[in-house]
Structure formats: structure tokens, C-alpha cells
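Engineer: build the 3D model from these lines:
(2 chains)
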Number of protein chains: 2
Amino acid sequence: MTFDSAAFSVFAGSRAVITGGVGFIGSALAETLVGLGATVTLVDCMAPNYGGNLFNIAPFRDRVQVEIADVRDTARMKPLLEGCDYLFNLAGQTSHLDSMHDPVTDLEINCLAQLTLLEACRAVCPQAKIVFASTRQIYGKPHYLPVDEKHPLHPVDVNGVNKMAGEAYHILYHDVYGLQATALRLTNTYGPRMRIKDARQTFVGIWLKLALEGKSFEVWGGEQKRDFTYVDDAVTAFLLAALRDETKGKIFNLGGEGAVSLDELAALVIEANDGGTFSRHEFPAERKRIDIGDYYADDRLFRQITGWQPAVPLGEGLKRSIVYFRENMEHYV
Amino acid sequence: MTFDSAAFSVFAGSRAVITGGVGFIGSALAETLVGLGATVTLVDCMAPNYGGNLFNIAPFRDRVQVEIADVRDTARMKPLLEGCDYLFNLAGQTSHLDSMHDPVTDLEINCLAQLTLLEACRAVCPQAKIVFASTRQIYGKPHYLPVDEKHPLHPVDVNGVNKMAGEAYHILYHDVYGLQATALRLTNTYGPRMRIKDARQTFVGIWLKLALEGKSFEVWGGEQKRDFTYVDDAVTAFLLAALRDETKGKIFNLGGEGAVSLDELAALVIEANDGGTFSRHEFPAERKRIDIGDYYADDRLFRQITGWQPAVPLGEGLKRSIVYFRENMEHYV
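Structural biologist: Now for the predicted structure:
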């Protein structure tokens, strides 16, 4: 990597709060921060349809503070944020279909809770460096590829509208109140600890699970291109975004090493698993309405400012994922 | 005007609901619709800091149904929307400063209530033609002028973020569920019935009030350019947006006849009032943070599709406003 990872030594002795901290990316970030010597508080509501899974943090459970709390609960959140140096704000409802079936809950979590969280930061930790996990979903169907940060926003589901608002609050609270907030628009992030029991955290999870179970998995479409970020690379990106002053008040795409088609991805999953099968299907009607076709990010802005680049190639990341879930399957299904 | 106003005869016998219907634009729209023979229901929460004022509808109070209800109250809204042919969705918190002091209330009205309203439409009036009153505020500080609909969105206050989300829900519910929704991004709309007791509905209101009271009014800055829509022209735009199929699922700017500086506007107010004075001031710190500099809209897209154009020049519109408020001052202060 071109960035100097010695820079991460500044996290030693700092106080970090991670919302969604028992989830997929949150727990990976927590493990890294604990390793760097930070005092880490994980906030997670542990709702069944979300990413929180206590097994994710089992290896370092005794070295973090875990608060089972809902980010919507301002009275709980405020004291937890006191003295916070870094807030990694990853709590969110991530399922696109759930957001259509229960739009108000999605709004409460992805929109209202973000606003009250930022108000709490203003009150108790106005100097904290904040990194918000946003999503490429808010671009909607790309007008051009690769998609850069200037691409117009046209969310295709309620989740997208609410994430768009949640992101905008962060930038607004930087502009108006000087909060040190950065937003990362994540693409498909994958790796150990991801939710695999269903497709609520990208379709990759359910593919991995079915491949490991020796079952055929379904590819909807197949030719659509997507990009993928391995979780360790996402963690590095969050840390860099927190550290670098030039990122504050800004929004960045985070992508991967390049775009692959879903057919190619399926082949890589099978290769990583040393075998398996998949079938190709037309899009189900309910998903077709919110399908976006090809997407891959232009993330040069973030690479340029922070020196970030992906370190784990897709094939390798999938192999590590397969190894992890083969070992720990019972905790994820 | 280039559009055929005989087209408005289709409103006769139709059922229209106007949220924020006792407010400034809502009541003007109501009067026009009543004149066209529509059955009109006005929904308004009549909260003190908003636009609702029963005097606005006094001339036709007996020819409309008035429901004092909060758009956040889904149980109340649903039956009111049954059988609705046209929904003019104008209810909103409009004060930028109030949105910063009480962001959650702004979110509930401009964001949450819009979502629940659209859910209600899906359930009870999926064929209704819906026009949403959006705002130029969501563009933030213009990158170029005039601002067209492709201009990136960068809201500068909580109100802007929430209106952006409210607008996006409307377009989303068109795209996904086929609701016949159109969004109009309004610039400064002015005219009889506007709120003049403070600056919660643009600064023009308070200028008119002070000029009429023989007091000097304050111009913050002075060189900034803005555009203005006279309320009758805005009403025509709402009706055209509702009627024309080509507007559905789309977002349009609505501007005026051209841009004038605030200094020029101040001179026009004094001319309309046959006298008066104003003083120029530096921006107060609290407002400076959310000032956007010059703004004027490129609204050619809407003009092209609907034939709309402004009929009332600024000087004339200000004269009509002065005449109205001179006559009815006690009902607006």
C-alpha cells in the first residue's frame, strides 16, 4: 500500500465508538482498532434482521465495551459518545426490500437516528472525527461508468432516499457546525463475518452460504458488472478517512480493484469453494423494479487524498471468506 | 400565456386535496380550484409558526372542506385521501432557522409525513395526480447560473436535506409503484396571503409588512440576485403539473421572469408602497453560514413541457401584494 500504516499508531489510547459495531464491517474495524490500542465501544441494537452477531467479536469480546443500544435512543447514545475521539457510524438498515416493506423503520434508523446522533455529537464530542458508512445505492441506475461522486443521485428504493439524507446531514453538520465528518459511499463489501443467512447484506453472502452447503445458488441476470471491496480494505479506508483532515466535510466513493460480471463472480465463488454450481435466472419482478444494471465506482478521489488502494484481490478475498465460514458456519446460519 | 387554460375545465367535478391548504400558496390554489368547480379538501395543522391562516380562505370558506389535521397523522390522512383525484402536497415546515433549532420536527413534517402520505396514496388513491412543493433550497450554493435540474444537490440546512428526501420519495413512489407524482422546485414565491409577520416564508413578507407600517426594513447583503414567482403564476404551474402526463415522475424548477438583486427588489417594494426606506446590513453570523449567494432558476424544461410562463411582472405582483395587505393587515400580523 502507498499509505504509511505507521500513521495508524495515533489510534493508540484514543477512544473510538462504532455504531453497528457488532456487525460485519463494524466488528472487523473494532478488531483492528483494538489491535492498534484504542479504547473501543461498540453500539449495536442486535436486531435479528441486521448484521449484529456476537460471534463476530468473540475473539476480542473482553477487550471492548459492548452496548446493546438502538441508535434511535438518544438518551442512551449521548453518554456513550462523551469523550469520543472517533465515531465510525455504521449502524443502518441495509436491506432494500425491507425498506420497501417497512419504509418508516428504515427512515427512523437511516434518517432520524443519524440526525439525533449528530445532534448528540454537537453536544458532547464536537471534536470527534466521524466517518459515515454511506452507499452507492443512492446513485440509482448509473448514467455513466465508472460512477464518480459528481454523478446525480437518484435512489431507487426507500433505503436509498434515507441513506442519502443520512449522508447529507453529516456533510451539513460539518459545513454548519464544524463537525469533522466524512462519508464513504461503499459498494458491495464482502468477507468474513458478513451476514450470509440471506441477501440482506448483498447477494454475495447467500451465494457463499449455498456454495458451502453444497447447494446451487441463483444468479439473477449475470452480465451486470459490479465492484467489490474486501472487508479489510474497507477497514483501512475507514481508518484513513478518520485520520486525514482533507477528507472532512467530503463524500468519497469506495470501490475495489475493478468490475466483474456476476457470472464471473459466481465462477470465482465456485473456484474459492473448490466446487459448486449456480443457475441463472431472470430477475424476479419485485427486484427488477429496483435493479440498477451495471455499477462500478470511480474512487480515484479517495485514493488520491488518502493513498488508499485495495490490497486483497477478489479471488483471494473470496477464498478467505470461504475458509472463515467453513470453519464458523454454525454461527452464521 | 401559451397554454390553453380551457384545459383547466377538467378540474370541474374532480376531487382535490391540498395539504397546507390554509397556507399561502395552498389557499390561492384552493380558490382557483373552487372557481374551476372542483370539490376541494384543505388539510392544515394550523400551527402558529406555519403558513395556515383562516383569513386566507374567508372568501370561499363555505365552499371547501377544511380539516385541521397534521400530515403526520396517518390515521386522519388516509380517509381524507379516499377518492382523491388530485393531491397538491404543500404542507411543510419552511423556516430554515427553525429547522436548525428543531431538526427533528422538521424531519417529521418534511420527511416522515411525506413517506406516510405516499403510503396512504398507494393504499387509497393510487391513481391520484400528485404535485409536491419542493424548493430550490436543496441545491445549496449554486455552482453555475442559472441553475437547472441537473445541478448537484447540496442542502445547506436541515430543512434542505429533509425536503430533498421528501421530493425523492415522491419520485421513487412514481418509479416503483406508478404513483402519478411531479415535484416543483419553487423559488421565492410571493403575493397576497403570504406570511408577513416574520421571515419564515422568505424575507419578502417581512419587507412588505415593515414598508406598510412605515418602518425601515433591513436588506442583508443587497447584491445577491434572486428570482421570484408571483403566487398566481405558481398556482397555474401546480395545475399544469397536475394535468400534464409528461410531468409525472419528474422534477422541475419553477422560476420567474428573471433575476433581480435584493437592492433592486427593495427599490421595487418601496415603489409599490409609494414610499419607504430600507437599510443595508452585513449578514448576521447565524444566517451567513447558510447563505447561498446568487440563485436563479433555469426553468425552461417546465415551460417547454407545459407551456407555463409567468404572467405577472415583479413590480405588478408587489403592487398587488401591497394593496392586499394594506386592506387586510390586521389578519396577518
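Engineer: who touches A:Ala28 in this structure?
Structural biologist: A:191-193, A:231-232, A:234-235 (Cβ atoms under 8 Å, 6 or more residues apart in numbering or on different chains). Every C-beta, even on glycine, is put in place using the N, C-alpha and C of the backbone.
Engineer: point out where the stretch 1-150 of chain A drops to low pLDDT.
Structural biologist: Residues of the stretch 1-150 of chain A that meet the criterion pLDDT under 70 lie in A:1-5.
Engineer: which residues of it lie near chain B?
Structural biologist: By Cβ under 8 Å from any Cβ of the partner chain, the residues of the stretch 1-150 of chain A that approach chain B are A:100, A:103-104, A:107, A:111-112, A:115-116, A:119, A:150.
Engineer: quick one: the helices in chain A?
Structural biologist: If DSSP state H is used as the criterion, the helices of chain A fall at A:24-35, A:74-81, A:96-101, A:103-107, A:113-124, A:158-177, A:204-212, A:231-243, A:262-272, A:285-288, A:300-306, A:314-328.
Engineer: is it true that A:Lys250 touches A:Ala183?
Structural biologist: Yes - counting by Cβ atoms under 8 Å, A:Lys250 does reach A:Ala183; the two are 7.5 Å apart.
Engineer: what bridges to A:Thr189?
Structural biologist: A:Thr229 (DSSP bridges).
Engineer: which residues touch the nearest residue to A:Thr32 once chain neighbours are set aside?
Structural biologist: In space, A:Thr32 comes closest to A:Val235 once its chain neighbours are excluded; the distance is 5.2 Å by Cβ to Cβ, 6 or more residues apart in numbering or on different chains. Neighbour list for A:Val235: A:25, A:28-29, A:32 [criterion: Cβ under 8 Å, 6+ apart].
Engineer: run the last query once more with 10 Å
Structural biologist: A:25-33, A:88, A:189, A:191, A:229 (Cβ atoms under 10 Å, 6 or more residues apart in numbering or on different chains).
Engineer: wait, which of the contacts of A:Ala28 is closest to chain B?
Structural biologist: Closest approach to chain B among the contacts of A:Ala28 (Cβ to the nearest Cβ): A:Ala234, at 25.5 Å.
Engineer: neighbours around the closest one, how many?
Structural biologist: 26 (other Cβ atoms under 10 Å in any protein chain shown).
Engineer: look up how far A:Tyr86 lies from it.
Structural biologist: Separation of A:Ala234 from A:Tyr86 (Cβ to Cβ, to the nearest Å): 16 Å.
Engineer: A:Thr135 too?
Structural biologist: Counting by Cβ to Cβ - A:Thr135 and A:Tyr86 are separated by 21 Å.
Engineer: and A:Arg280, how many residues sit next to it?
Structural biologist: A:Arg280, neighbours per other Cβ under 10 Å, totals 13.
Engineer: in stretch A:198-206, what counts as buried?
Structural biologist: Using 16 or more other Cβ atoms under 10 Å in any protein chain shown as the test for burial, stretch A:198-206 gives A:199-206.
Engineer: farthest-apart pair in those residues, please.
Structural biologist: Greatest spatial distance in the buried residues of stretch A:198-206: A:Arg200 and A:Val204, 11.5 Å, computed using Cβ to Cβ.
Engineer: show me what contacts the closest residue to A:Ile322 other than its chain neighbours?
Structural biologist: Nearest residue to A:Ile322 in three dimensions, chain neighbours excluded: A:Ala272, at 4.7 Å (Cβ to Cβ, 6+ apart). Counting by Cβ under 10 Å, 6+ apart, A:Ala272 makes contact with A:208, A:211, A:314-323.
Engineer: now that we have these, which of them are buried?
Structural biologist: Listed as buried from the contacts of A:Ala272 are A:208, A:211, A:314, A:317-322; burial here means 16+ other Cβ under 10 Å.
Engineer: could I get the residues you listed in JSON lines, plus columns for pLDDT?
Structural biologist: Shown next, in JSON lines, are the buried ones among the contacts of A:Ala272 (pLDDT from 0 to 100):
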{"residue": "A:Leu208", "pLDDT": "97"}
{"residue": "A:Ala211", "pLDDT": "97"}
{"residue": "A:Leu314", "pLDDT": "98"}
{"residue": "A:Gly317", "pLDDT": "98"}
{"residue": "A:Leu318", "pLDDT": "98"}
{"residue": "A:Lys319", "pLDDT": "98"}
{"residue": "A:Arg320", "pLDDT": "98"}
{"residue": "A:Ser321", "pLDDT": "98"}
{"residue": "A:Ile322", "pLDDT": "98"}
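Engineer: of these, closest to chain B?
Structural biologist: A:Leu208 (29.0 Å).
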